[in-house]
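> Starting from these lines, generate the structure:
(one chain, ligands or ions: 1)
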Amino acid sequence: MSSKFPDHFLWGGAVAANQVEGAYQTDGKGLSTSDLQPQGIFGAVTPRVDGDSGIKDVAIDFYHRYPQDIALFAEMGFKCLRTSIAWTRIFPQGDEETPNEAGLAFYDRLFDEMAKYGIQPLITLSHYEMPYGLAKKYGGWGNRKTIGFFERYARTVFERYKHKVKHWLTFNEINMSLHAPFTGVGLPEGSSKSEIYQAIHHQLVASAKAVKACHEIVPEGKIGNMLLGGILYPLSCRPEDLLETQRQNRDWLFFGDVQARGGYPAYMKRYFRENGIQVEITAEDQQALRETIDFISFSYYMSGCVTTDETQNETARANILNMVPNPHLASSEWGWQIDPIGLRYLLNVLYDRYQKPLFIVENGLGAKDRIEADGSINDDYRINYLNDHLVQVAEAIDDGVEVMGYTSWGPIDLVSASKAEMSKRYGFIYVDRDDEGNGSLERRRKKSFYWYRDVIQSNGNSLKDQG
Ligand code: BG6
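A predicted model of the protein is given here:
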C-alpha cells in the first residue's frame, strides 16, 4: 500500500494527567474529582482517608519519570503527544485568584522536554477531572460560577504556554457526562436530566469561552473539542430502528453540533420538551456559543447497534455505552467490539457533517500482556488492531476526509479510566505495575513499539492491508 497520509501528519500517542502522573498532592496540587474515584470513572465517590491510596495516586509516576518516557516516545518517532493539564496543579481548589507557580513550572518542564525532540504537545484542558473544591463548594458545573473559574484557568495556561503549545482541546469526551455525571460535570449520582443538561450547557459555554480565549492569546493556536465517537448502527433495516439509531447518535453528536456550528441544533428543542428538560440559556450564552472550534477531535474504540425490538435486550459486555452487540464483530477481552471499518465510516460522517479537519486523539486495544521467558512481549493482537484501524484511516483520507493526526491511546501502559486497572494495557511500552500497585515501575519495549516506530518512519507505508 502506498502512503495516503499527508506529509505533516501528526503521529503520536495520548495519555491523561490523572491516569499517568501520580504525585497527586505534590507541589501544591489540590484534590481533583478523579482523586475521589479510586475505582474509576463510574465508581462511587469515596472520601479520602489519610494514607489510603488508590492506584492513581502513583499511577505510572509520569510526574517524575517523564524525561525517560518522552525519550522512548521520541525513539518511536512521535511527532505529537497528547496529554492533559491537571487543573488542580494550577488552581488547587479551583476558585483561587492566583495560580500555583509550582504546578505551572511542572508543565513548563514537560513541554520543554518534548520540544527537545520536536514533539508537539496536544493539550486537553480537562480530562475527566475538575477541582474537587469546585464540586464540593459550588456543585461543579451545575453552578454558572464554574464557567468563570474555568475561563480563568484556561486564560492562565494559554498565556503561560502560548509559545510552547499550539494545539489545544477543551473537555475530554464531553458527551460522557450523560453516562458519568460526577466525572464529567461534578454532579452527584441521581441528578435529574434537567440538572445534567444545565451543567452540560454551562460546560459548553465554558468551552466556547476557552475557544475565544485561545484565539485571542495563542498565536497560530488551534483548538478543538473532544467527543467519544460512539457510532451506532441500526441492528436491522426496520425504519423504526433507523430512526431510533439517528436519535441515539444525536445524543452525542449534539455536543459536536453546538461546538462546531455555534448553537443548539433544532432537534434538541423537541427532545427537551418531550422529556421535561428545563435548561436556562441566556442571550449572552447564545452569543458566547457562536465562537466555534477549529477542528473536531474524537476517540474511537468500537461501534455498537441500536434496536427497537424489546425482546432483544442483550448489551455488549462491559461496553461503557451499553450498546447492543453487533453479530458480525468480535470483541476485546473487555467486551469492546472491534470494528476498523467503523472508523472510516465515522470519519466520513463527521467530515460530511462539519467540514472541519478531524483529529483521532484516542484509539487502541486494551489487553492483558504476557512477558515471555526471554523478557519479550509479543503483542501481535495490538499490532493487528492498530494496523487494521490505520488502514481504514488511510481509506478515509482517500475518501477526501481531512485528518490532521492520530494519537493512539496509552502509548505507555497506564491506569484504565473505566475500572482503574493496570492489567488493561494499551501501551507500546510495558510498565511493571499490577492492579494492587505492586511492581518496580520499570519500562520495557513491547513488539508493538518497533512496529509503531516503522509505521511512523514510513508515514504509514509499512501498514498491511487487511486480508
Ligand atoms: C476514553 C478516555 O474513554 O477511553 C480515556 O478518554 C480512557 O481516559 C480510554 O482511558 C480507554 O478506556 P479504559 O477504561 O479502557 O481506560
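> Every contact and neighbour count from this point should use C-alpha atoms.
Will do.
> Once you drop chain neighbours, what's closest to G22?
With C-alpha to C-alpha, 6 or more residues apart in numbering as the criterion, G22 has its nearest non-adjacent residue at 3.8 Å, and that residue is V58.
> from the chain's centre, how far out does stretch 205-212 sit?
Averaging C-alpha positions (C-alpha atoms, centre = their mean, to the nearest Å) puts stretch 205-212 18 Å from its chain's average.
> Could you export it as CSV, keeping only the C-alpha atoms?
Output of stretch 205-212 as CSV, limited to C-alpha atoms (Å, rounded to 0.1, in the frame of the first residue of the first chain):
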residue,chain,number,x,y,z
VAL,A,205,-20.5,27.9,27.2
ALA,A,206,-17.1,27.5,29.1
SER,A,207,-15.7,25.5,26.1
ALA,A,208,-16.7,28.3,23.7
LYS,A,209,-15.2,30.9,26.0
ALA,A,210,-11.9,28.9,26.1
VAL,A,211,-12.0,28.7,22.3
LYS,A,212,-12.3,32.5,22.2
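> Show me which residues of the chain sit near the ligand.
366, 416-418 (C-alpha under 6 Å from any ligand atom).
> which residues in the stretch 101-250 of the chain form helices?
101-116, 132-138, 145-161, 181-185, 193-217, 239-261 (DSSP state H, counting those that start in this stretch).
> Single out the most deeply packed of these.
Most buried of those by mean neighbour count (mean count of other C-alpha atoms under 10 Å) is helix 181-185; its value is a mean of 27.
> list the helices and strands it packs on?
helix 193-217 (3 or more C-alpha pairs under 8 Å, 6 or more residues apart in numbering; DSSP states H and E).
> May I see the helices of the stretch 101-250 of the chain arranged in CSV, with mean pLDDT as well?
Converted to CSV, the helices of the stretch 101-250 of the chain look like this (pLDDT from 0 to 100):
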stretch, mean pLDDT
helix 101-116, 98
helix 132-138, 97
helix 145-161, 98
helix 181-185, 95
helix 193-217, 98
helix 239-261, 97
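> how about those helices, which one is nearest E362?
Closest to E362 of these is helix 239-261 (C-alpha to C-alpha; 16.5 Å).
> List the contacts of the nearest residue to A206 once chain neighbours are set aside.
Distance criterion C-alpha to C-alpha, 6+ apart; nearest residue to A206, sequence neighbours excluded, is I147 at 5.0 Å. Applying C-alpha atoms under 8 Å, 6 or more residues apart in numbering, we find I147 in contact with 141, 202-203, 205-206.
> mind giving me a markdown table with the residues of the chain next to the ligand and columns for neighbour count, pLDDT and distance to Q93?
Output for these, formatted as a markdown table (neighbours: other C-alpha atoms under 10 Å; pLDDT from 0 to 100; distance: C-alpha to C-alpha, whole Å):
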| residue | neighbour count | pLDDT | distance to Q93 |
| --- | --- | --- | --- |
| G366 | 21 | 97 | 33 |
| S416 | 22 | 97 | 25 |
| A417 | 21 | 96 | 23 |
| S418 | 13 | 92 | 25 |
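> Can I get those residues in a markdown table including secondary structure and distance to V165?
Output for the residues of the chain next to the ligand, formatted as a markdown table (DSSP: H, G, I helix; E, B strand; the rest coil; distance: C-alpha to C-alpha, whole Å):
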| residue | secondary structure | distance to V165 |
| --- | --- | --- |
| G366 | coil | 29 |
| S416 | coil | 26 |
| A417 | coil | 25 |
| S418 | coil | 29 |
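> ok, so of those residues, who is nearest E314?
The closest of the residues of the chain next to the ligand to E314 turns out to be S418 (C-alpha to C-alpha; 20.4 Å).
> which residues touch the closest one?
With C-alpha under 8 Å, 6+ apart, S418 has these contacts: 39-42, 320.
> Which residues are in contact with W141?
135, 147, 185-187, 199-200, 202-203.
> Ignoring the adjacent residues along the chain, who's closest to D257?
P265 (6.5 Å).
> now the contacts of W141 as a markdown table including distance to N438?
Shown next, in a markdown table, are the contacts of W141 (distance: C-alpha to C-alpha, whole Å):
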| residue | distance to N438 |
| --- | --- |
| A135 | 32 |
| I147 | 40 |
| V185 | 32 |
| G186 | 31 |
| L187 | 33 |
| A199 | 39 |
| I200 | 38 |
| H202 | 41 |
| Q203 | 38 |
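> Looking at those residues, which is nearest the ligand?
V185 (14.6 Å; C-alpha to the nearest ligand atom).
> Make sure that closest one is actually in contact with N143.
No. Applying C-alpha atoms under 8 Å as the test, V185 and N143 come out as separate, 10.0 Å apart.
> shared neighbours of the two, which are they?
The contact lists of V185 and N143 share A199, where a contact means C-alpha under 8 Å, 6+ apart.
> Please name the bridge partners of K222.
Counting by DSSP bridges, K222 forms beta bridges with H167.
> Run through the residues that contact it.
Counting by C-alpha under 8 Å, 6+ apart, K222 has contacts 166-168, 214-215, 294-295.
> Could you single out the nearest of those to Y450?
H167 (26.9 Å).
> on that earlier part again, by neighbours, which of the contacts of K222 wins?
Tallying neighbours with other C-alpha atoms under 10 Å puts W168 at the head of the contacts of K222, with 26 neighbours.
> Tell me how far it lies from the ligand.
15 Å (C-alpha to the nearest ligand atom, to the nearest Å).
> Could you do D339 as well?
Note on D339: its distance to the ligand, by C-alpha to the nearest ligand atom, is 16 Å.
> Quick check on the nearest residue to that residue once chain neighbours are set aside: phi, psi?
Of all residues not flanking D339 in the chain, M302 sits nearest, at 5.8 Å (C-alpha to C-alpha, 6+ apart). Phi and psi for M302, reported as degrees, to the nearest 10, are phi -160, psi 170.
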